[in-house]
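> generate a structure from the sequence data that follows.
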Amino acid sequence: MGRSPDNLANDSSISWLTNKPARWLFRRQEGPARLFVARWIFLRALAAIYFSAFFSLLFQIKGLIGPQGILPAERFLDEVQAQMGWLRFWFAPTLFWLSASSHMMMLVTWLGIAASLAALCNLWPRLSFLVCFLCFLSFVTAAQDFSSYQSDSMLLEAGFLALFFAPRGLLPGLGIASPPSRASLFLLQWEWFRIYFESGLVKLLSGDVEWRNFTAMDEYYQNGPLPTWIGWYIEHLPHWFHAATVAGTLGMELAIVWMLFLPRRSRLICFCIVTPWEIGVILTANYTFLNYLVLALGFLLLDDRDVRWLIPRRFRNTLPAPAKGIVETQSIPSISILENSDTPEESDLDDPGKDKDETPRFKRSIGKFFIAIRVCLTGVVLTWIAYATTAEMIRLLWSDLPLPTALIAALEPFRIANQYGLFAVMTRGRYEIEFQGSNDGQNWTPYLFRYKPQALNEAPAIYAPYQPRFEWNLWFASLGDWQQSNFVALTEERLLENDPDVLALFRGNPFAQTPPRYVKAVLWQYWFTSMDENHRTGNWWRRDLVGLYAPILTRQQDGKFGVIQWPDPLPPHG
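Got it, this is the predicted structure:
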């Protein structure tokens, strides 16, 4: 015999999430009433970061994973389907299952751009951020080697949590009617904390002598993935400055970030320390949108009392008065997405003594039931993420601890519960891969890059948060050998075909009329020039040839690719 809605709403299997502690954690109406401005700033910054990620894909996605790209997504997805069957939709969540054509890739990218602009304008933020998340996850899932970055995981984790953090409504403004739930706020702050603290842990656990000897920063600005001209100048400062930045980095990552868990004034002091530090990192190295995201997450250390004076008076007056500390949210209407607007039925949960004649009993019971389901689902998802991220951090310190891992593994395809750890081991040299083409095998012409160091007299530029994924990947590839980075040889094959999508990743095509007969990849070691050499020659770099990095390839008459020369083993580097 079926149960009435009243019985469903009061069922013990879901009623535990409608009690006061659970509602305090997971329901928005119980959320903090002093975080509206910080939330507004963070969500606008998150939207801008999404925009930068999608904008960079406009010029790269076809060359990276398009049908004629370096690592075609269609081929990858076919392999996943053959191995996983129907489970492929969980372990490879991407819209490109519908189609992996160039048109579909551009459609997803443009859809992500449109959604990020809508979120930036605070237009239906929950729906906008949901579209951003799905589009970016689709790319990251299918991009293979070109999405194996911690920055992508950081953005997906923050973007997913933003779905629970953003206000309801089509035009919510500051979202006074829809405070953030405490659980979503904490998990975003928790992500910020873990990025710092886990990065500090891995520096100690790696045993890298550079960190222990306080020399890790002496050549950091030169050897990082994509330096800037400001980093060139900082590199020439004396050792004591670099040793001080090592101490500051370790102190901030391992100690200062714990101020997150202290009262408001301590969090404000923490914000005033980490924000200038992040700005310094942004100016001295191009880490794409990574540091912009960490900077944005840092605003969640603040509450409205810290930034109230920055707001124009007409908007300031809409904020709850500091003395009240509570927002009467039920009296302000809102258009909702992903969850229903506050209804009289939801208010009944908070006011059992309300006149029951105001709302029909059946409608009130149905409302209670769906509210309970919504709170239950929110609680399960956010608790799952909290467990997975906490367990991942604990495993950094005690890898043998017998923690259940099935829940952690189940979330891995979505990258919404991650383990972080930046610069565990410092790179001890700067190496650059250069592609060259030739028609006679004697005279070689380089393919010029758009962003990475190559010409000696070109100053390293600042272009983050834009992310040139191909050039970024070449930095990682340069630290090993070509067998570990097969996309280098695949790039050679595309250059032998004069593939326009792959050539768009370069500054130009030196063989615009006909493809070259031979293509090779060589390895150089780069150093910053001294101040004196820069003044005398105008060069920002000097370099020495290390040797042939990948096989010299040619295209045979039957259309297949042949090897002209295999590379000798490279000397130890990286």
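> who are the packing partners of the longest strand along the chain?
What stands out as the longest strand in the chain, according to DSSP state E, is strand 541-555. For strand 541-555, the elements it packs on are strand 430-438, helix 487-496, strand 518-528, strand 561-565, judged by 3 or more Cβ pairs under 8 Å, 6 or more residues apart in numbering; DSSP states H and E. Using the backbone N, CA and C atoms, a C-beta is placed for each residue, glycine as well.
> flag the shaky bits of the stretch 351-500 of the chain, pLDDT-wise.
Scanning the stretch 351-500 of the chain with the threshold set as pLDDT under 70 gives 351-359, 362-364, 367.
> ok, which stretches of it are helices?
Taking DSSP state H, counting those that start in this stretch, the helices of the stretch 351-500 of the chain run over residues 361-397, 406-411, 469-478, 487-496, 500-503.
> JSON lines for those, including mean neighbour count and distance to residue 262?
JSON lines is the format used below for those (neighbours: other Cβ atoms under 10 Å; distance: least, Cβ to Cβ, whole Å):
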{"stretch": "helix 361-397", "mean neighbour count": "18", "distance to residue 262": "19"}
{"stretch": "helix 406-411", "mean neighbour count": "14", "distance to residue 262": "29"}
{"stretch": "helix 469-478", "mean neighbour count": "22", "distance to residue 262": "37"}
{"stretch": "helix 487-496", "mean neighbour count": "21", "distance to residue 262": "46"}
{"stretch": "helix 500-503", "mean neighbour count": "18", "distance to residue 262": "51"}
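> let me have those in CSV, extended by distance to residue 510.
Output for the helices of the stretch 351-500 of the chain, formatted as CSV (distance: least, Cβ to Cβ, whole Å):
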stretch, distance to residue 510
helix 361-397, 46
helix 406-411, 46
helix 469-478, 17
helix 487-496, 10
helix 500-503, 10
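> nearest to residue 169, of those?
When the helices of the stretch 351-500 of the chain are compared by Cβ to Cβ, helix 361-397 sits nearest residue 169, at 16.5 Å.
> next, residue 571: phi, psi?
Phi and psi for residue 571, reported as degrees, to the nearest 10, are phi -70, psi 160.
> ok, now how distant is the closest residue to it other than its chain neighbours from residue 389?
Excluding its sequence neighbours, the residue lying closest to residue 571 (Cβ to Cβ, 6 or more residues apart in numbering) is residue 546, at 7.0 Å. Look at residue 546 and residue 389: by Cβ to Cβ, to the nearest Å, they are 40 Å apart.
> what does residue 537 give?
Distance of residue 537 to residue 389, computed by Cβ to Cβ: 50 Å.
> got it, and residue 283?
As judged by Cβ to Cβ, residue 283 and residue 389 stand 30 Å apart.
> what of residue 187?
8 Å.
> circling back to that earlier point, looking at the helices of the stretch 351-500 of the chain, which is closest to residue 427?
Proximity to residue 427, assessed across the helices of the stretch 351-500 of the chain by Cβ to Cβ, is greatest for helix 469-478 (8.9 Å).
> now do the closest one: which elements does it pack against?
helix 61-65, strand 430-438, helix 487-496.
> dump the C-alpha coordinates for that helix into PDB.
Extracted in PDB, the C-alpha atoms of helix 469-478 (Å, rounded to 0.1, in the frame of the first residue of the first chain):
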ATOM      1  CA  ARG A 469      48.200  24.200 -24.300                       C
ATOM      2  CA  PHE A 470      50.500  22.900 -27.100                       C
ATOM      3  CA  GLU A 471      53.400  25.000 -26.000                       C
ATOM      4  CA  TRP A 472      52.800  24.300 -22.400                       C
ATOM      5  CA  ASN A 473      52.900  20.600 -23.000                       C
ATOM      6  CA  LEU A 474      56.200  20.900 -24.900                       C
ATOM      7  CA  TRP A 475      57.800  22.300 -21.700                       C
ATOM      8  CA  PHE A 476      56.800  19.100 -19.900                       C
ATOM      9  CA  ALA A 477      57.900  16.900 -22.800                       C
ATOM     10  CA  SER A 478      61.300  18.600 -22.900                       C
END
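> quick one, it and strand 430-438 angle?
110 degrees (axes from the mean of the first three to the mean of the last three Cα atoms, to 10 degrees).
> what does helix 469-478 rub up against?
56, 60, 63-64, 70, 143, 145-147, 149, 225-226, 288, 431-433, 449-452, 484-485, 487-488, 505, 523, 549, 574 (Cβ atoms under 8 Å, 6 or more residues apart in numbering).
> mind giving me the PyMOL command for buried ones among those?
Listed next is the PyMOL selection for buried residues among these, using 16 or more other Cβ atoms under 10 Å:
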select buried, resi 56+60+63+64+70+143+145+146+147+149+225+226+288+431+432+433+449+450+451+452+485+487+488+505+523+549
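> report the contact partners of residue 289.
Listed by Cβ under 8 Å, 6+ apart, the contact partners of residue 289 are 49, 52-53, 151, 155, 464-465, 467.
> one more time with 6 Å
Residues in contact with residue 289 (Cβ atoms under 6 Å, 6 or more residues apart in numbering) are 49, 52, 465.
> thinking again about what came up before, direction included, what does the longest strand of the chain pair up with?
Strand 541-555 pairs in its sheet with strand 518-528 (antiparallel), strand 561-565 (antiparallel), by DSSP bridges.
> okay, the ones you listed, which one's buried deepest?
strand 518-528 (a mean of 21; mean count of other Cβ atoms under 10 Å).
> quick one: that strand to helix 487-496, angle?
The directions of strand 518-528 and helix 487-496 differ by 130 degrees, with the same axes, to 10 degrees as the criterion.
> just checking, residue 62 touches residue 503?
No: counting by Cβ atoms under 6 Å, residue 62 stays clear of residue 503, with 11.0 Å between them.
> how much space separates residue 559 from residue 496?
Residue 559 sits 10 Å away from residue 496, going by Cβ to Cβ.
> report all helices and strands that the helix or strand hosting residue 282 contacts.
Here residue 282 sits within helix 264-284, counting by DSSP states H and E. Under the contact definition 3 or more Cβ pairs under 6 Å, 6 or more residues apart in numbering; DSSP states H and E, helix 264-284 sits against helix 229-235, helix 290-298.
> hmm, 7 Å instead?
Packing contacts for helix 264-284, counted by 3 or more Cβ pairs under 7 Å, 6 or more residues apart in numbering; DSSP states H and E, involve helix 229-235, helix 239-254, helix 290-298.
> most tightly surrounded among those helices?
Per-stretch averages of neighbours, counted by mean count of other Cβ under 10 Å, single out helix 290-298 among the helices and strands packed on helix 264-284, with a mean of 24.
> tell me which residues in the helix or strand that that helix is followed by are buried?
Counting by DSSP H and E, the next helix or strand C-terminal to helix 290-298 is helix 304-307. For helix 304-307, a neighbour-count test (16+ other Cβ under 10 Å) marks 304, 306-307 as buried.
> list the contacts of helix 304-307.
With Cβ atoms under 7 Å, 6 or more residues apart in numbering as the test, helix 304-307 has contacts from 34-38, 268, 319, 322.
> then stretch 488-508?
59-60, 62-63, 66, 68-71, 433, 435, 437, 447-450, 470, 477, 482, 509, 511, 515-516, 519, 521, 549-551, 553, 555, 561.
> for that stretch, measure first residue to last.
18 Å (Cα to Cα, to the nearest Å).
> determine how far stretch 126-145 lies from the middle of the whole chain.
Counting by Cα atoms, centre = their mean, to the nearest Å, stretch 126-145 is centred 11 Å from the centre of its parent chain.
> do stretch 415-423 as well
Distance, stretch centre to chain centre, for stretch 415-423: 10 Å (Cα atoms, centre = their mean).
> contacts for that stretch, please.
Identification of contacts with stretch 415-423 by Cβ under 7 Å, 6+ apart yields 140, 150, 152-153, 156-157, 160, 194-195, 198-199, 202-203, 385, 388-389, 392-393, 396, 408, 411.
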